[in-house]
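Participant: Build the 3D model from these lines:
(one chain, ligands or ions: 1)
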Amino acid sequence: MTYNNLFLKQEQEILIVTLNRPDKLNALNIELMKELQDVVATIYDSKNIRSAIITGNGEKSFVAGADISEFLKAKDGKIVAENGQILFSKIEKSPKPIIACVNGFALGGGCELAMSCHFRFASPNAVFGQPEINLGLIPGWGGTQRLTNLIGKARALEFLLTGNNFNAEKALQFGLINYIFPQNELIPKAIEILNIINQKSSICVEETIKAVNNFYDKDTNGMVTELYSFEKCFKSNDAKEGIQAFLDKRKANFKGH
Ligand code: COA
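Facilitator: Here you go, the predicted structure:
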């Protein structure tokens, strides 16, 4: 598939996905969402990709939201919401870690996209918010749920109901982002941390993501997930290798089985 709205670069086993509609502040139109869906499938399927970064092109914006100009053409709000929810859940459940490098505005669907990633780094000029209420809407791509999970009910309700934005410092204080880095260090820092993770057993990475995600899943018992995930790791060759490497006082060489 050729992409009109994003470009891809691979650094070792890390796929860097850059959303590319800078003249529209990388707003998510239908075409871009389809392209992102395709890329997420590639992240799941490709044996050469162990983790990914999502960022926006330019120095001003990560993503300024869903493309508002397409809203009036859409007939069914449930389908608009569902399409985004399915894609962002796929990102959240990806067995391979995905970091959002928030390089500016992360508003509406942009904030929702960043929140669906496993964690977030942001530049000092990053701006977060769910301004949908100013359009007579509410977030439909998971914003009401993930913002509440990440920053707590009272703060989430404040920002969802006022539509006010908040800056990178506040996002750090609220626990929405892990770190603030200068804009030109965002990707290198994400690569640095993903290179550490990529050396671990991919079974452990996948099972950790699954177990942590299940903490937020009301239909599953996270402790039970942890039990089976631990068992899966415990019987893997990677665990044998990791334990033996410790005893041999050498670095483990994990193979993912
Ligand atoms: N959907 C579609 N187009 C958007 C967009 C969005 N969410 N956000 C920005 N754009 C477009 C603007 O229409 C403008 O296009 P134009 O040059 O063809 O007129 C271009 O991107 C630049 O945006 P502009 O508003 O001129 O930049 P700014 O620096 O003055 O303001 C924002 C930046 C982010 C504050 C402002 O663009 C904004 O409020 N965007 C919408 C945010 C939002 O409500 N998101 C939630 C959507 S559900």
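Participant: In the stretch 101-250 of the chain, which residue sits closest to the ligand?
Facilitator: Per CB to the nearest ligand atom, G108 is where the stretch 101-250 of the chain lies closest to the ligand, at 2.5 Å. C-beta: built from backbone N, CA, C; applies to glycine.
Participant: Retrieve the pLDDT associated with the closest residue to that residue other than its chain neighbours.
Facilitator: Closest residue to G108 apart from its sequence neighbours, by CB to CB, 6 or more residues apart in numbering: G65 at 3.1 Å. In this model, G65 is scored at 98, pLDDT.
Participant: Also the one 10 residues further on?
Facilitator: For K75, the model assigns a pLDDT of 88.
Participant: got the residues of the stretch 101-250 of the chain near the ligand?
Facilitator: Residues of the stretch 101-250 of the chain lying close to the ligand (CB under 6 Å from any ligand atom) are F105, L107, G108, G109, P131, E132.
Participant: Number of residues surrounding the fourth one?
Facilitator: Neighbours of G109 under the rule other CB atoms under 10 Å: 26.
Participant: Correct me if wrong: it contacts N26.
Facilitator: No. Counting by CB atoms under 8 Å, G109 sits too far from N26 to count as a contact (10.2 Å).
Participant: any common contacting residues for these two?
Facilitator: Common neighbours of G109 and N26, counting by CB atoms under 8 Å, 6 or more residues apart in numbering, are V63.
Participant: Do a quick rundown of the strands in the stretch 151-257 of the chain.
Facilitator: Remark: strands assigned in the stretch 151-257 of the chain by DSSP state E, counting those that start in this stretch are 165-167, 179-180.
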